[in-house]
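Peer 1: Sequence and predicted structure below; questions after.
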Amino acid sequence: MEHIVDQVSLGAIVQVRDRLLEQQARGRQVLRLESGDPSFDLPPHVREAMEQALRDGLTHYTASTGIPALRAAIWRKVTQQNGLKVANPDQIVVTNGGMNGLYIVFRALLYPGDEVILPDPMWTEIGENIRLGGGTPVPVRLRAEQDYQYDVAAIAAAITPRTRAIFINTPHNPTGAVASRATLEQIAALADKHNLTLVSDEAYEHVIFDGKPHVSIGALPGAQERTISLYSLSKTYAMSGLRVGYVVTPQPLMLERLKKLVRCTINGVNSIAQYGAVAALNAPQDATGAMASEYQKRRDILMDALAEAPYVTAFKPAGAFYLWSRIAPAWPGYAGTRDDWSMTNYLIDQAGVGSSPGSAFGASGAGHIRFAFACSTAQVERAARLLPDVLRRASPGVN
Ligand SMILES: Cc1ncc(COP(=O)(O)O)c(C=O)c1O
């Protein structure tokens, strides 16, 4: 019998990153458009709070669910900003980034063979964490013709007696689509009808453009009791390496299981990072808005460049920092293969530009490529200058 961990891949984006770093080590300038790691420095008040915590010797074990000051700050944020009904900070579990939150949520929620409906394409780690929790991912396609919005009828059709949960991610990685309130209301009604749990990953809640609102499904009538909401400070405050996220659930049994899982795995997030997180959440949120405007600028630079480039058609994202693009069948690298790695490899070799092959995001991602614009504006500008030309130069046989 195959070990459950052997079902998990080593990660396509990691492979791209390794190739880029190898080229960089050989002295080549590389552009990191494969990575969803915010380029910005840590907000200064967050760094100062962490330095102060170090000076104060706050380097001991903390409560495994998070220090009280952090859970209180999160409680204020999720009740006031997200509109979640959370009775008290004890319904919050601080996790080692959103990724750890995903792992413990699916581990706590699923019985062997339970099905979880998730979008396709989707960030690979979602399906993998469902598998690690003993479940079976059931992908439901997002379609370009529907602007990658959740297709509620298709979700309804995918429900079986084994379905335990519907996974929602908005803003969405990799398409950047933002779900509307109306769509989320329909999904909430569906979950209510079939008595399903909603798992809502809101890691990109603050990376959102053109004044679009972010709606938390857990705040909608009928969804409050059945939603487990996951958040991360990685993208909102450019704190990716500090590894702070959190899970919110009103369900006592889930909460109990989550508490057991954090105690037996991470036993609390790095204490210094938690003090930084308190400062991030309690201070004015100007830096977050400024970062979102800069991402929007980068999006537009890259959209304009890809509009000039042959073989790729980019979808304009309303949130997150990814340009999801369809590769034309005429792409010379497809000759005989239809393998989207050919474009990713070609762009690394010819221009030192990173990207992620669409097939890494699920079956429907085949024939697509994802460009991230989380790297610096200077890198995005340089990539924008290079991409149209380098794609124009592609000739049959590229790989
Ligand atoms: C959809 C989605 N959820 C969650 C995360 C978790 O990020 P972290 O573990 O840094 O909080 C990411 C990171 O890329 C993501 O794309």
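Peer 2: Looks like it arrived, so ask away.
Peer 1: so residue 347 makes contact with residue 355?
Peer 2: Yes. Counting by Cβ atoms under 8 Å, residue 355 is a contact partner of residue 347 at 5.7 Å. Where C-beta positions appear, they are placed from N, C-alpha and C, glycine not excepted.
Peer 1: Spatially nearest residue to residue 159, not counting backbone neighbours?
Peer 2: If the residues on either side of it in the chain are set aside, residue 159 comes closest to residue 194, at 5.5 Å by Cβ to Cβ, 6 or more residues apart in numbering.
Peer 1: The one you found reaches residue 164, doesn't it?
Peer 2: No. Contact status for residue 194 versus residue 164: not in contact, 10.1 Å apart, counting by Cβ under 8 Å.
Peer 1: Those two - which one has more neighbours?
Peer 2: Using other Cβ atoms under 10 Å as the criterion, residue 194 and residue 164 rank with residue 164 on top: 21 against 13.
Peer 1: Report the secondary structure state of the more buried one.
Peer 2: strand (DSSP: H, G, I helix; E, B strand; the rest coil).
Peer 1: Find the residue closest to it in space, skipping its chain neighbours.
Peer 2: Among residues not flanking residue 164 along the chain, residue 114 sits closest, at 3.9 Å (Cβ to Cβ, 6+ apart).
Peer 1: Could you report the pLDDT at the one you found?
Peer 2: Each residue has a pLDDT score; the one for residue 114 is 98.
Peer 1: dump the residue contacts of it.
Peer 2: The contact partners of residue 114, taken as Cβ atoms under 8 Å, 6 or more residues apart in numbering, are 134, 135, 136, 162, 163, 164, 165.
Peer 1: Contacts for stretch 190-199 next, please.
Peer 2: By Cβ under 8 Å, 6+ apart, the residues outside stretch 190-199 that reach it are 105-106, 109, 116, 152, 155-156, 159, 163-168, 187-188, 217-218, 222-223, 226-228, 230.
Peer 1: Make a ChimeraX selection of the buried ones in those residues.
Peer 2: Buried subset of the contacts of stretch 190-199, written as a ChimeraX selection, criterion 16 or more other Cβ atoms under 10 Å:
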select :105,106,109,116,152,155,159,163,164,165,166,167,168,187,188,217,218,223,226,227,228,230
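Peer 1: In strands only, show me the contacts of stretch 190-199.
Peer 2: 116, 163, 164, 165, 166, 167, 168, 227, 228, 230 (DSSP state E).
Peer 1: from memory the second one sits against residue 140, does it?
Peer 2: In this case it means residue 163. No. With contact defined as Cβ under 8 Å, residue 163 does not reach residue 140; the gap is 11.1 Å.
Peer 1: which neighbours do the two share?
Peer 2: With Cβ under 8 Å, 6+ apart as the test, residue 163 and residue 140 both reach residue 117.
Peer 1: what's the closest of the ones in strands among the contacts of stretch 190-199 to the ligand?
Peer 2: Of all those, the ligand sits closest to residue 230, with 7.0 Å by Cβ to the nearest ligand atom.
Peer 1: Would you mind naming what in the protein lies close to the ligand?
Peer 2: Within the chain, the positions near the ligand by Cβ under 6 Å from any ligand atom are 36, 97-99, 123, 169, 173, 201, 203, 232, 234, 240, 245.
Peer 1: please redo it, this time with the cut-off set to 8 Å
Peer 2: If contact is defined as Cβ under 8 Å from any ligand atom, the residues of the chain in contact with the ligand are 36, 96-102, 122-123, 125-126, 169, 172-173, 201, 203-204, 230, 232-235, 240, 243-245, 320.
Peer 1: Quick check, pLDDT for the spatially closest residue to residue 171 that is not a sequence neighbour.
Peer 2: Nearest residue to residue 171 in three dimensions, chain neighbours excluded: residue 319, at 2.7 Å (Cβ to Cβ, 6+ apart). Among the per-residue scores, residue 319 shows a pLDDT of 98.
Peer 1: So what pairs up with residue 319 in the strands?
Peer 2: residue 208 (DSSP bridges).
Peer 1: and the gap between it and the ligand?
Peer 2: The spacing between residue 319 and the ligand, counted by Cβ to the nearest ligand atom, to the nearest Å, is 11 Å.
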